[in-house]
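Engineer: whatever this is, show me its structure:
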Amino acid sequence: MAASNIDVATVQQATPPIPVPSQWWCRWQALKGTNPLRLKTPDADLRNKWILLTGGNSGVGFEAAAQFVKWGANIVLGCRPQVPPHEMHPYEAIQQLKAASIAAGHPKAEIEWWECDMSSLKSVEAFGKRWVSTCRSLDILANNAGIGRPPVPGEVCYTADGFEIVHQVNFISHVLLSMILLPSLAQASQPRIICTTSCMQYFGVFDLANANSGRNAYANNKLYFQTWLTELQARMEKHAKYKHIMIQGVHPGYVKTNIWVAPQTTISENATQQNTRPPKMRAMSWLEWSLRVLLRYYGIDAQQGSLAITNAAAAVDLASGGRYTNRIWEEKPMPQTMHPACRHQVWQFVSEELLLEDRGLLNELGA
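Structural biologist: Presented below is the predicted three-dimensional model:
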């Protein structure tokens, strides 16, 4: 059910005024995300723990997986089967992770990859249900997979499911996977969900009419993702079965990885026809120019970026969930993410997009 079929007006009913921070505050908060301080890798013991990590064959995802296996964890990477040239094949990633695990003294750790294409809801659902069918408890879910832009910069691209591709890959596919896996997470003693959001949320505009439009897609959907996870935490805390689960949003930093390479994915026939045209030449916006400059001078490598994920997954001093971390430091997120009405709007909106009630995924946490 594409977002264009949802009456946004029914979602955004009369509510208290939505807090809108100043542009200067937003820019300052985003600038904090450029902190290039080189961090030390902490020690942790994840033996006998099970981790699912999406987007684990490249970038910060692979580096996070490498650290997890050095700590003794069992891990399943969720990766798309058609690997673009700029990414390592999942099979090769698994071989490297097994070697790292053995070198760290964990030769019996289970390490594998399963197909999970975030641009296909069918693939995401199959991935989640495959884990559930194992009847194992799940200790850590790392919602890391993402793209920086559509296949053709400047053009709106829709997936075969009818959603704008950044909206689906960076946000709603993670929602679907998380909701499917909640029962497995609930079986663990100290389960955590780590969501790779971004300091780009500070450039997002809270208006659900733009969620599936392709306008400012990366920033807007990072804002909605942080908002949704905060609402999920609030709902889980009211439910005895799920109140011990902690979910966090993390910004890895300004990382020099291949996320900004245009993705290769299954898209709708209409989108394919539209996207066969040569890319439009357009002037670079001030934001794009600023980001490129910051990345050049303040960018960190993928290993340093991965510490945001591994810290949130393994740190023993986390007091509660529903928070946002800039690398390893807790930071104040956009005020909309903490606003009860905004959180409810995003929850209801994405639940309708994904037909979560029809899928039987809202029976306990409510519509």
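Engineer: buried set for the longest helix belonging to the chain?
Structural biologist: In the chain, with assignment by DSSP state H, the single longest helix is helix 217-237. By 16 or more other C-beta atoms under 10 Å, the buried positions in helix 217-237 come out as 217-236. The C-beta positions use only the backbone N, C-alpha and C, and glycine is treated the same way.
Engineer: one more: stretch 92-103?
Structural biologist: Ala93, Ile94, Gln96, Leu97, Lys98, Ala100, Ser101.
Engineer: check stretch 201-219 too.
Structural biologist: Going by neighbour count (16+ other C-beta under 10 Å), the buried part of stretch 201-219 is 201-204, 206, 208, 210-214, 216-219.
Engineer: what do you get for stretch 149-165?
Structural biologist: Going by 16+ other C-beta under 10 Å, stretch 149-165 has these buried residues: 149-152, 156-165.
Engineer: kindly report the same for stretch 106-118.
Structural biologist: Neighbour-count burial for stretch 106-118, counted by 16+ other C-beta under 10 Å, picks out His106, Ala109, Ile111, Trp113, Trp114, Glu115, Cys116, Asp117, Met118.
Engineer: so the fourth one sits right up against Ala93, yeah?
Structural biologist: Translated: Trp113. Yes. Counting by C-beta atoms under 8 Å, Trp113 does reach Ala93; the two are 6.9 Å apart.
Engineer: go ahead and confirm Leu208 touches Gln345.
Structural biologist: Yes. Between Leu208 and Gln345 there is a contact at 6.3 Å, judged by C-beta under 8 Å.
Engineer: show me the strands in the protein, by range?
Structural biologist: Per DSSP state E, the chain carries strands over the ranges 50-54, 74-79, 111-115, 140-143, 192-196, 246-251, 323-326, 329-331.
Engineer: one step back: just the ones of the buried residues of stretch 149-165 in helices?
Structural biologist: Counted as lying in helices by DSSP H, out of these, are Ile165.
Engineer: export the buried residues of stretch 149-165 as JSON lines, with columns for distance to Pro36.
Structural biologist: Shown next, in JSON lines, are the buried residues of stretch 149-165 (distance: C-beta to C-beta, whole Å):
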{"residue": "Arg149", "distance to Pro36": "23"}
{"residue": "Pro150", "distance to Pro36": "29"}
{"residue": "Pro151", "distance to Pro36": "30"}
{"residue": "Val152", "distance to Pro36": "32"}
{"residue": "Val156", "distance to Pro36": "34"}
{"residue": "Cys157", "distance to Pro36": "32"}
{"residue": "Tyr158", "distance to Pro36": "37"}
{"residue": "Thr159", "distance to Pro36": "35"}
{"residue": "Ala160", "distance to Pro36": "39"}
{"residue": "Asp161", "distance to Pro36": "38"}
{"residue": "Gly162", "distance to Pro36": "40"}
{"residue": "Phe163", "distance to Pro36": "35"}
{"residue": "Glu164", "distance to Pro36": "32"}
{"residue": "Ile165", "distance to Pro36": "30"}
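Engineer: so where's the stretch 251-367 of the chain shaky on pLDDT?
Structural biologist: For the stretch 251-367 of the chain, applying pLDDT under 70 flags the ranges 258-292, 294, 367.
Engineer: where do the helices sit along it?
Structural biologist: Using DSSP state H, counting those that start in this stretch, the helices of the stretch 251-367 of the chain run over 269-274, 286-298, 302-314, 340-353.
Engineer: the residue lying closest to Leu362 once chain neighbours are set aside: how many residues sit nearby?
Structural biologist: Of all residues not flanking Leu362 in the chain, Leu356 sits nearest, at 4.9 Å (C-beta to C-beta, 6 or more residues apart in numbering). As a burial measure, Leu356 scores 20 neighbours (other C-beta atoms under 10 Å).
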